[in-house]
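Engineer: Mind folding the following:
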Amino acid sequence: MKLSQLLAAAGADCPREADISALTCDAREVIPGALFAALPGSRADGRDFIPQALARGAAAVICAPPLPEGVNSAAFEDPRAAFARMAAQFYGHPARDLTLIAITGTKGKTTTAHMLREIFSAAGYKTGMIGTLGSYIGRAPLADVSQAAPNTTPEPAALHRTLRQMADAGCSHVVMEVSSQAMKLRRVEGVAFDAALFLNLTPDHIGGAEHADFNEYRACKAALFRQCRLALGNADDPSWPVMAQQVPASAPVLTFGFGWGADVRGLAAGPDPDRPFAVRLETAGAAPYHIPLPGRFNAQNALAAVALGRTLGLDDGAIRAGLAHTSVPGRAQRYPAPAPFSVFIDYAHNGDSLRSLLSALAECRPRRILLVFGAGGDRPKLRRTDMGRAAAQGADYAILTEDNPRSEGTEDICADIERAIAGAIPTEVIPDRAAAIVRALELAEPGDAVVLAGKGHEGYIEKNGVRRPFSEWAVLDGYFRGREQPAG
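Structural biologist: Just a heads-up that it's a prediction; the model follows:
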């Protein structure tokens, strides 16, 4: 594509015409003829990598002012927004060919996205999904999913390239998680969403390179609703009015919730009496829905999916079938343990998520909950201490171990968590995560629930800038295979 066409999409004139072969904001990905977006970052400035991009054959550069000398470049006051619009132009505006559903909220985005994917698929629509666990067409991943996606919402070039793949593959619908960071960093600039769904908002992602405070976090979430043609929000959440204020006057606004006044109202949610570790959702005007995941919070996610499905006119049979077949890797995922106890893998990596998970499992009345968890390093210490308090309230035994320590020491992180638990439950520290898992399994007795929290779908442990492969599922497989070996 011609450089002039790309710059015109962002409202700029072309300094010198060039043929552009690719777009990227990562100098390591530059190929001959590429346009390099030198974007400002929290840890580094993209301008510092312009020489590297040029050495690799970049044909043009965009950046914030001032322009670098002797380079075919254009400057923008907001280069991130410009890059997003150029990416849409480069890939032929694929979002315009798709029914695009955005999901935002602190908790539940991934689970709700999986529910909606299953619902749309059951309704006969070929559906794409983009989010924390990667990108999928139907249930088929577009890339290796053993590693977590770099971002919940991809950078613009990757996002529009993925949307183009989905449109070309015949997808009619795409369900997409949109994070607060995506809004802050303008990754979906210029994208019009056919529907935007708000789940909830609690303090998280605050501090460091994320958000300065809760007000900024909430404002970034709310900005999504300026870009939607239909808004659907959780009437039970106090932040929903802030979101609703941003919706264009032309867009319908509807709500779901368990309280009076919601357009789609949940009547009750609780453990499914006919299915272990599952939840049943009752709504006005329909038979109960059965969701093979535990906990009221998953019933809330399901209510959001039901509300959107009904609002879009989907058949209730498709909604019911989709929910009944929802399974989410690393989200209250039950391992098929050949043992008289249950084992769950979950991504809960903050206090609220861990508290919700443990409460959901407690509703199913296990004999004891044995919890294996740690906390990520280089993150606000409030997160790990809040996880410790959640463990103290909801578990019967805790084994503290490594998560993603990054540049911190695992023992130091565990010590912070242990202080927060403050002796409320028996606790031990085993820094090696595989050994910690085995210890929990050895302690488990009939009727217990062993919970591995914090890693979920992640297939690695990150320490000192290196990600080494690590699979909790593989540790469990190895343990139970070993127990099946005959003696001697």
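
Engineer: any idea how far residue 113 is from residue 390?
Structural biologist: Separation of residue 390 from residue 113 (Cβ to Cβ, to the nearest Å) stands at 24 Å. C-beta here means a position set from N, CA and C on the backbone, and glycine is covered the same way.

Engineer: where exactly do the helices run in the stretch 101-250 of the chain?
Structural biologist: Remark: helices assigned in the stretch 101-250 of the chain by DSSP state H, counting those that start in this stretch are 109-122, 156-168, 180-184, 214-223, 240-244.

Engineer: Number of residues surrounding residue 337?
Structural biologist: 16 (other Cβ atoms under 10 Å).

Engineer: pretty sure it is touching residue 476, no?
Structural biologist: Yes: applying Cβ atoms under 8 Å, one finds residue 337 in contact with residue 476, separated by 7.1 Å.

Engineer: Please enumerate the shared neighbours of these two.
Structural biologist: When contacts are counted by Cβ atoms under 8 Å, 6 or more residues apart in numbering, residue 337 and residue 476 are jointly contacted by residue 343.

Engineer: pLDDT wise, what is the nearest residue to residue 152 once chain neighbours are set aside at?
Structural biologist: Computed as Cβ to Cβ, 6 or more residues apart in numbering, the closest residue to residue 152 that is not its neighbour in sequence is residue 179, at 4.3 Å. What the model reports for residue 179 is a pLDDT of 94.

Engineer: Next, count neighbours for residue 179.
Structural biologist: When neighbours are counted by other Cβ under 10 Å, residue 179 registers 25.

Engineer: How is the chain divided into domains?
Structural biologist: Taking automatic domain parsing as the criterion, the chain consists of the domains 3-90, 94-324, 333-484.

Engineer: Could you give the separation of the shortest one from the chain centroid?
Structural biologist: Computed by Cα atoms, centre = their mean, to the nearest Å, the chain-centroid distance of domain 3-90 equals 28 Å.

Engineer: who touches residue 267 in this structure?
Structural biologist: Residue 267 touches 258, 282, 283, 284, counting by Cβ under 8 Å, 6+ apart.

Engineer: Could I have the buried ones of those as ChimeraX selection syntax?
Structural biologist: Selecting just the buried residues from the contacts of residue 267 in ChimeraX takes one command, with 16 or more other Cβ atoms under 10 Å as the test:
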select :258,282,283
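
Engineer: Show me which of the contacts of residue 267 has the smallest pLDDT value.
Structural biologist: When the contacts of residue 267 are compared, residue 284 shows the smallest pLDDT, 86.

Engineer: Give me the spatial nearest neighbour of that one, chain neighbours excluded.
Structural biologist: Using Cβ to Cβ, 6+ apart and skipping residues adjacent in sequence, the residue nearest residue 284 is residue 265, 5.1 Å away.

Engineer: Can you classify that neighbour by secondary structure?
Structural biologist: Of the three states, residue 265 takes strand under DSSP: H, G, I helix; E, B strand; the rest coil.

Engineer: ok, longest helix in the chain?
Structural biologist: The helix spanning the most residues in the chain, taking DSSP state H as the definition, is helix 296-311.

Engineer: And the average pLDDT for that one is what?
Structural biologist: Here helix 296-311 scores 96 as its mean pLDDT.

Engineer: could you check the angle helix 109-122 makes with it?
Structural biologist: Here helix 296-311 points in a direction 40 degrees away from that of helix 109-122 (axes from the mean of the first three to the mean of the last three Cα atoms, to 10 degrees).

Engineer: now helix 296-311: how far from the chain's centre is it?
Structural biologist: Average the C-alpha atoms of helix 296-311, do the same for its chain, and the two points are 17 Å apart (Cα atoms, centre = their mean).

Engineer: residues near the nearest residue to residue 316 once chain neighbours are set aside, how many?
Structural biologist: Nearest in space to residue 316, with sequence neighbours left out and distances taken as Cβ to Cβ, 6+ apart, is residue 286 at 6.2 Å. Taking other Cβ under 10 Å as the neighbour definition, residue 286 ends up with a count of 15.
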